[in-house]
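A.B. asks: sequence plus the predicted model coming up.
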Amino acid sequence: MNLMQKISLSVKGTMPDYVKENKIELLVCNSGKQNCKEHLHVINKCYIDANSYHLEKDFLNSIESLKSAFLNTCNLQEASCLKCAELFRSTITKSLENINDELQRMTTGLISNKSYMTSYKESCAVLKDLKKAV
Ligand SMILES: [Zn+2]
């Protein structure tokens, strides 16, 4: 089974519309362990929040939610799910890298928007922290 599936069965019932509309990929446990599922519910909630903030261009909250999602993956301590946790962390880090790239484009160049500077700096700082923790 693919670790990254479009829809996780455990959160299917409660999925907001924008998740379906924007095809946000949820994180899915490969081994289907109960321990993983419980944490995954929290991790996915943060991950979905991050994506919806991103869509609203609320970068600071998006970054904050990705950080929470990342920190929650550290609760996956069971041996069977260490690989899951690793994959989740790299997916979350990738999302943050995308935001970081986007903000860099928005804050540099001729049509730069300086109002996003705080968000850009925050995304750099959090990205640095996450990479250290991987
Ligand atoms: Zn797992």
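C.D. replies: Structure received.
A.B. asks: any low-confidence regions in the protein?
C.D. replies: Along the chain, the parts satisfying pLDDT under 70 run over 1-25, 30, 32-33.
A.B. asks: hey, where'd the strands end up in it?
C.D. replies: Counting by DSSP state E, the chain has strands at residues 4-5, 26-27.
A.B. asks: what sits against Leu130?
C.D. replies: For Leu130, the contacting residues are Lys67, Phe70, Arg89, Ile92, Thr93, Leu96, by C-beta atoms under 8 Å, 6 or more residues apart in numbering. To be clear about C-beta, it is placed using only N, CA and C from the backbone, and glycine gets the same treatment.
A.B. asks: which two of these have the greatest separation?
C.D. replies: Lys67 and Arg89 (11.5 Å; C-beta to C-beta).
A.B. asks: burial of Thr118, as a residue count?
C.D. replies: 13 (other C-beta atoms under 10 Å).
A.B. asks: for Ala125, see how far away it is.
C.D. replies: 11 Å (C-beta to C-beta, to the nearest Å).
A.B. asks: Arg105 now?
C.D. replies: Computed with C-beta to C-beta, the distance linking Arg105 and Ala125 is 18 Å.
A.B. asks: looking at the two, which one has more neighbours?
C.D. replies: A count of neighbours by other C-beta under 10 Å puts Arg105 above the other of Arg105 and Ala125, at 14 against 11.
A.B. asks: sounds good, over and out.
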